[in-house]
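Asks: take a look and give me a structure for this.
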Amino acid sequence: MSERHLRRCVGKVGATAIAPLQWRAVPPRRDRRRAAPHPRQGADALRPDAFSTHAAPPCCCGLCGVRTHHRRRADPGEYGCNVGCLEGMDPYVRAIAAPVDDGVQHPPDRAAR
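Replies: Below is the predicted model of the structure:
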């Protein structure tokens with residue numbers, strides 16, 4: 001089930017994303033359309049922050065520096081959103097069952113070893 005979630009940062013960036021809250025609990029289906037973030041305000045403040053392999057460039061707020069979302073390196077057809085930027089969502093208060101990646105054990109890196 002997909003829901004509409006408003007994202008925001010402490011600067012002026014706001015965007016609308018349509019995505020389920022438990023993204024990885026849903027089995028991936030290659031035939032479904034994936035939702036991409038669509039800026040609703042402050043799009044001019046978004047800055048690409050490409051580094052390293054440039055394969056998964058995150059978007060950052062040019063005012064506060066928070067990374068609001070990024071295109072996933074493992075599957076460029078998917079986007080990852082900063083849970084802390086979801087309007088009405090406080091990751092420190094709510095118990096969110098979201099997996100945490102350490103950035104070292106990345107699927108393409110494991111396949112190359």
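
Asks: what's the neighbour count on residue 83?
Replies: 15 (other Cβ atoms under 10 Å). All C-beta spots, glycine's among them, are computed from the backbone N, C-alpha and C.

Asks: now do it against residue 44, distance only.
Replies: Distance, residue 83 to residue 44, using Cβ to Cβ, to the nearest Å: 24 Å.

Asks: cool, residue 71 as well?
Replies: Residue 71 is 20 Å from residue 44, by Cβ to Cβ.

Asks: give me the more crowded residue out of those two.
Replies: Between residue 71 and residue 44, counting by other Cβ under 10 Å, residue 71 is the more crowded of the two (17 against 10).

Asks: and the more buried one, what's its pLDDT?
Replies: Listed pLDDT for residue 71 reads 75.

Asks: ok, residue 65 next?
Replies: On the pLDDT scale, residue 65 gets 73.

Asks: name the element residue 47 belongs to?
Replies: Using DSSP states H and E, residue 47 sits in strand 46-48.

Asks: any idea which helix or strand of the chain has the worst average confidence?
Replies: In the chain, the helix or strand scored least confidently by mean pLDDT, DSSP states H and E is strand 14-19, which has a mean of 48.

Asks: run through the chain and note the low-pLDDT ranges.
Replies: Scanning the chain for pLDDT under 70 picks out the ranges 1-41, 49-58, 89-113.

Asks: rewinding a little: helices or strands next to the strand holding residue 47 in the packing?
Replies: Applying 3 or more Cβ pairs under 8 Å, 6 or more residues apart in numbering; DSSP states H and E, we find strand 46-48 packed against strand 58-61.

Asks: using CSV, write out every CA atom in the strand it packs on.
Replies: Output of strand 58-61 as CSV, limited to C-alpha atoms (Å, rounded to 0.1, in the frame of the first residue of the first chain):
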residue,chain,number,x,y,z
PRO,A,58,22.3,12.4,-2.9
CYS,A,59,20.3,15.6,-3.0
CYS,A,60,21.1,18.1,-0.2
CYS,A,61,19.5,21.3,1.0
